[in-house]
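Visitor: Got a predicted structure here, sequence first:
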Amino acid sequence: MNASPDFVSSTSPDEDVPRLGRRATSAEARERIIAAAEILFAERGIEAVSLREIAVAAGHGNNNAVQYHFGSKAGLVQAIFHHRVGQMEEPRHAMLAEAEAQGRLGDVRTLLDILCLPLLDLVDGDGRHTYAGFLAQYVTRYRPGGLQHAADEVSEVSTSIRRLLELIAQRISYVPPALAQSRIALCALAFHNMLVRADAEHLKTRDRAAFDALVHDTIEIMAVALSAPYRHS
């Protein structure tokens with residue numbers, strides 16, 4: 001992905017953060033910026049949103065606030081990943097443990113449930129699945145350009161997702177590795193786009209039963225697509 005001025009690091013001070021009580025205020029400021037950026041990136045894409053717009057949306061009077069807290073737009077993107085992947089670490093760990101105890105780690109549908117269902121709880125203040133929208137933008141436009149995901153590096157927040165992706169890859173080991181990774185990404189994209197569309201239709205609040213049926217049907221479709229036979233052209 002081509003670098004833009006927003007991806008350049010800066011050490012400008014954050015004038016919104018007072019010296020007294022700096023640690024708590026700084027953490028709150030970071031959370032506001034992450035939340036605002038996720039929404040804007042989901043709506044318009046990462047490149048189309050400026051750091052100034054993010055600062056304004058986060059309620060900062062200082063336009064350098066994003067660079068102060070995250071260094072660059074790339075740093076902010078990674079902060080979103082780490083924040084959200086970290087939120088899903090505990091439920092995914094518990095779901096993996098339960099599946100292992102029940103001998104279901106070899107079941108593709110079970111693994112996809114563990115991959116997808118924790119995303120349902122990641123919503124903004126209006127109940128929209130903004131992280132799913134952000135991921136849809138990422139998988140479509142930025143992952144192919146080499147922008148890394150938190151699962152690409154070994155860390156405490158990525159333990160479960162890394163294990164989960166390895167287990168899914170093992171289930172389709174008959175597919176060449178590059179194509180297997182493409183299958184996983186495309187299947188995940190189907191789930192992300194389903195949530196974005198459901199949000200646009202207000203389906204979750206309008207008809208919760210229909211929303212739940214859509215979620216589970218989408219995962220069923222993903223399982224079939226992921227497990228499709230591989231045929232040489």
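Guide: Arrived safely.
Visitor: Figure out how far the lengthiest helix in the chain is from the centre of its chain.
Guide: Longest helix in the chain, counting residues (DSSP state H): helix 73-101. From the chain centre to the centre of helix 73-101 is a distance of 9 Å (CA atoms, centre = their mean, to the nearest Å).
Visitor: same for it, what does it pack against?
Guide: helix 22-44, helix 51-57, helix 65-70, helix 108-116, helix 130-137, helix 159-171 (3 or more CB pairs under 8 Å, 6 or more residues apart in numbering; DSSP states H and E). Using the backbone N, CA and C atoms, a C-beta is placed for each residue, glycine as well.
Visitor: What distance do you get for A42 to F134?
Guide: Separation of A42 from F134 (CB to CB, to the nearest Å): 4 Å.
Visitor: One more: M222?
Guide: 19 Å.
Visitor: which SSE is G125 in?
Guide: Of the helices and strands defined by DSSP states H and E, none includes G125.
Visitor: let me redo that: A228
Guide: Using DSSP H and E, A228 falls outside every helix and strand.
Visitor: what about it, how many neighbours?
Guide: Number of residues near A228 (other CB atoms under 10 Å) recorded here: 10.
Visitor: And for G146?
Guide: Residues near G146, counting by other CB under 10 Å: 7.
Visitor: Report the secondary structure state of it.
Guide: coil (DSSP: H, G, I helix; E, B strand; the rest coil).
Visitor: if I look at it, how far off is G61?
Guide: In terms of CB to CB, G146 sits 34 Å off from G61.
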